[in-house]
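K.L.:
Mind looking at a prediction? Sequence and model below.
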Amino acid sequence: MCKSWWFGRYFPFTFAVALAVPALTLQAVSITVTSPNGSEVWTADTLHTITWSAVEPSGDVDIWCHGAGSTNYRYLATVEMIEGQFPWPIAADFAATNGVIILRSHTDGDTINDASDAPFTILPATAGSLSVLSPTIGENWAAGSTQAIAWSSDFANGEIDLDLYENGEFHTHIATVPVGDGSYSWSLCPGLGDSSDYSIRVAERTLYVDSESDPFQISGSAAKYLEITDPADGSHWRAGSSMAVNWNSGNLVGDMQVVIAADFYSCGYPDVAIGDGSLTWDIPKWVQPGPALVRLFPLDCGFITDSVRVMISSVFDSDSDGDVDYMDLTALVDCISGPAAGSDLTEPCAAVDVDDDGRIDLFDFAAFQVAFTGS
């Protein structure tokens, strides 16, 4: 089963006054989050104001905060849309590494939504410090050797993640250890792969505090034995679809980790039998379109990792041509008024029901508009 982490934006829903869709007219009422709208850093146990603009404001608006994780929602308040703001006394125990404010209003039977364009951060009321001491810049560690990762911190308790990065991208998880240990003996895989641009990131995820080492080198790695055969570099995958990852492994045995890392999202299969030769990834509908890295990393340290890059297209890319265009608009309209319409959604219409409420409605059209226009 895929263990997934969602690090980023919810659909930045905005409404135009009208969308040129046959036999469909959008209401003039609209609402747009103006703050927080991405990259803000707030602190728990302080007062901040959530603001929005509205066209033809009417009725009430529900305010929610979506934190780190696809199901982590917290209701904040319900206020009149015309107010345009809500002073939010952030609780002392509240923290969000990838917070998104979501507004939802029901006006004359229709649902009006918007969300922050990008994640913001809520730091704990008191956050400690963390610093990597080893490796240092330019060090050369031999593949297959044992080396000490060291750090300093003023945290009294808790655990930290030790992760290996290459060229600024996640490579593999090393360990999770008590922060108070101060060091960890790492047995490097013989087949890790040579590079002069490795770094180690030490992170206390619950408090959003981390530190990354300067670049260092790993050399003397064993030959490569594992190869991804499908997908090929540059392949297109569609959000909401099921895609296969296939590999050749010769006579190798044991288990490996399969990691698929997209923008603000990572999916990990921690215990995959090398001999299986294949697995299927059910891509969530809300994964952000863009590049993704597919990486295999055997848990037996005798073999090197392999990876390929793919492009994930929008869930609305019904013809899989890599963009959202008028052909996709025609397919979406058919899900409302054509033969595919109905309360019992099946493919392909079920794929574009982005909020999974069993119908294609204005919520889904709002998401389509963002994918179609980019705003």
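P.N.:
Thanks, I have the structure now.
K.L.:
contacts and neighbour counts: CA atoms only from here.
P.N.:
Noted.
K.L.:
all strands in the stretch 201-350 of the chain, in order from the N-terminus.
P.N.:
In the stretch 201-350 of the chain, the strands defined using DSSP state E, counting those that start in this stretch lie at 209-212, 216-219, 227-230, 235-238, 242-248, 255-262, 265-273, 278-282, 290-298, 306-313.
K.L.:
Could you list the low-confidence segments of the stretch 101-250 of the chain?
P.N.:
The stretch 101-250 of the chain contains residues with pLDDT under 70 at 107-110, 126-128, 156, 205-208, 223-225, 250.
K.L.:
Just give the nearest non-adjacent residue to I360, would you?
P.N.:
When the adjacent residues along the chain are set aside, I360 lies closest to D353, with 5.7 Å between them (Cα to Cα, 6 or more residues apart in numbering).
K.L.:
thought that neighbour was touching F365?
P.N.:
No. Using Cα atoms under 8 Å, D353 makes no contact with F365, being 9.4 Å away.
K.L.:
May I see the buried residues of stretch 39-50?
P.N.:
For stretch 39-50, the neighbour count (16 or more other Cα atoms under 10 Å) marks 42-45, 48, 50 as buried.
K.L.:
same question, stretch 84-93
P.N.:
Of the residues in stretch 84-93, those buried (16+ other Cα under 10 Å) are 84-86, 90.
K.L.:
Taking those, tell me the two that lie furthest apart.
P.N.:
Greatest spatial distance in those: G84 and I90, 18.5 Å, computed using Cα to Cα.
K.L.:
any idea which helix or strand carries S199?
P.N.:
Element membership of S199 [criterion: DSSP states H and E] is strand 195-204.
K.L.:
Can you give me the neighbour number for S195?
P.N.:
S195: 16 surrounding residues under other Cα atoms under 10 Å.
K.L.:
The one 3 residues further on too?
P.N.:
Y198 has 23 neighbouring residues, counting by other Cα under 10 Å.
K.L.:
now do G322
P.N.:
18.
K.L.:
Please verify my assumption that it contacts S313.
P.N.:
Yes. Under the criterion of Cα under 8 Å, G322 makes contact with S313 at 5.6 Å.
K.L.:
Quickly list what's touching both of these two.
P.N.:
The contact sets of G322 and S313 overlap at H236 (Cα atoms under 8 Å, 6 or more residues apart in numbering).
K.L.:
how about CSV for the buried residues of stretch 39-50, with distance to T136 and pLDDT added?
P.N.:
Compiled in CSV, the buried residues of stretch 39-50 are given as follows (distance: Cα to Cα, whole Å; pLDDT from 0 to 100):
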residue, distance to T136, pLDDT
W42, 32, 86
T43, 32, 81
A44, 34, 82
D45, 37, 83
H48, 40, 93
I50, 42, 95
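K.L.:
from those, which ones fall inside strands?
P.N.:
Cross-referencing these against strands under DSSP state E gives 42-43, 48, 50.
K.L.:
quick one: which of those residues is nearest I149?
P.N.:
Nearest member of these to I149, counting by Cα to Cα, is T43, at 30.5 Å.
K.L.:
can I assume the closest one is in contact with F120?
P.N.:
No. Counting by Cα under 8 Å, T43 stays clear of F120, with 10.9 Å between them.
K.L.:
Now do the helix or strand encompassing T34: distance to the chain's middle.
P.N.:
Secondary structure from DSSP H and E places T34 in strand 30-35. Distance of strand 30-35 from the chain centroid (Cα atoms, centre = their mean, to the nearest Å) equals 23 Å.
K.L.:
so what's L226 closest to, chain neighbours aside?
P.N.:
Spatially, and ignoring its direct neighbours in sequence, L226 is nearest to S249 (5.0 Å; Cα to Cα, 6+ apart).
K.L.:
okay, now E169: neighbour count?
P.N.:
Using other Cα under 10 Å, E169 is surrounded by 12 other residues.
K.L.:
ok, then the element right after the longest strand seen in the chain?
P.N.:
Across the chain, the strand with the greatest residue count (assigned by DSSP E) is strand 96-107. Next along the chain after strand 96-107, taking DSSP H and E as the criterion, comes strand 110-115.
K.L.:
Quick one: list the elements packing against that following strand.
P.N.:
The contact analysis (3 or more Cα pairs under 8 Å, 6 or more residues apart in numbering; DSSP states H and E) places strand 110-115 against strand 30-35, strand 96-107, helix 362-373.
K.L.:
which parts of it are buried?
P.N.:
Counting neighbours by 16+ other Cα under 10 Å, one finds that the buried residues in strand 110-115 are 112-115.
K.L.:
Out of those, flag the one nearest to V245.
P.N.:
Using Cα to Cα, A115 is the member of the buried residues of strand 110-115 that lies nearest V245, at 33.3 Å.
K.L.:
Can you get me a residue count around the closest residue to that closest one other than its chain neighbours?
P.N.:
Distance criterion Cα to Cα, 6+ apart; nearest residue to A115, sequence neighbours excluded, is I102 at 4.3 Å. Residues within reach of I102, counting by other Cα under 10 Å, total 24.
K.L.:
Confirm for me that I102 is in contact with D117.
P.N.:
No. Taking contacts as Cα under 8 Å, I102 lies outside contact range of D117: 10.1 Å.
K.L.:
Tell me which residues touch W281, please.
P.N.:
Counting by Cα under 8 Å, 6+ apart, W281 touches 2, 242-245.
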